[in-house]
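Student: The following block contains a protein sequence and its predicted model.
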Amino acid sequence: LAFYKVYTEHPEIDLYDPDKTHPSDKGTYLAAATILAKIFNCDVSENGYTSEMPEDEAALLRRVATETVFNTPQIPSEFVISTSDFQ
């Protein structure tokens, strides 16, 4: 969801390497920020680490990561499946 938001709302930020299957440094940063926010249940938008990218881009990616983790509604239980459903 975080990648989709950046891809659709900020197409100038390239989240993929030229092979279009692996994340770019910015895509890796976004993924890491999203995982950090989820695992530690924290707002990463105020984190100052930029991974050597422009501060405005890093701040945007951190904000999107935080919004994705905390503002995405939960999937209703009747739509949740587990890997055991495929055995």
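Tutor: Thanks, I have the structure now.
Student: Quick one: residues contacting Y7.
Tutor: L15 (Cβ atoms under 8 Å, 6 or more residues apart in numbering). (Each C-beta comes from the backbone N, C-alpha and C, glycine too.)
Student: moving C-terminal of the one helix or strand it maps to, what's the next helix or strand?
Tutor: Using DSSP states H and E, Y7 maps to helix 2-9. Per DSSP H and E, the first helix or strand lying C-terminal to helix 2-9 is helix 25-40.
Student: in that following helix, what counts as buried?
Tutor: Within helix 25-40, the residues scored as buried using 16 or more other Cβ atoms under 10 Å are 26-27, 29-34, 36-37.
Student: and which of the residues you listed is nearest V6?
Tutor: Distance to V6, by Cβ to Cβ, is smallest for L30 among the buried residues of helix 25-40, at 6.4 Å.
Student: Touching, that closest one and A59? I think so.
Tutor: No - applying Cβ atoms under 8 Å as the test, L30 and A59 come out as separate, 12.0 Å apart.
Student: In stretch 52-66, which residues are buried?
Tutor: 57-66.
Student: Low-confidence stretches in the protein?
Tutor: Applying pLDDT under 70 to the chain flags residues 83, 85-87.
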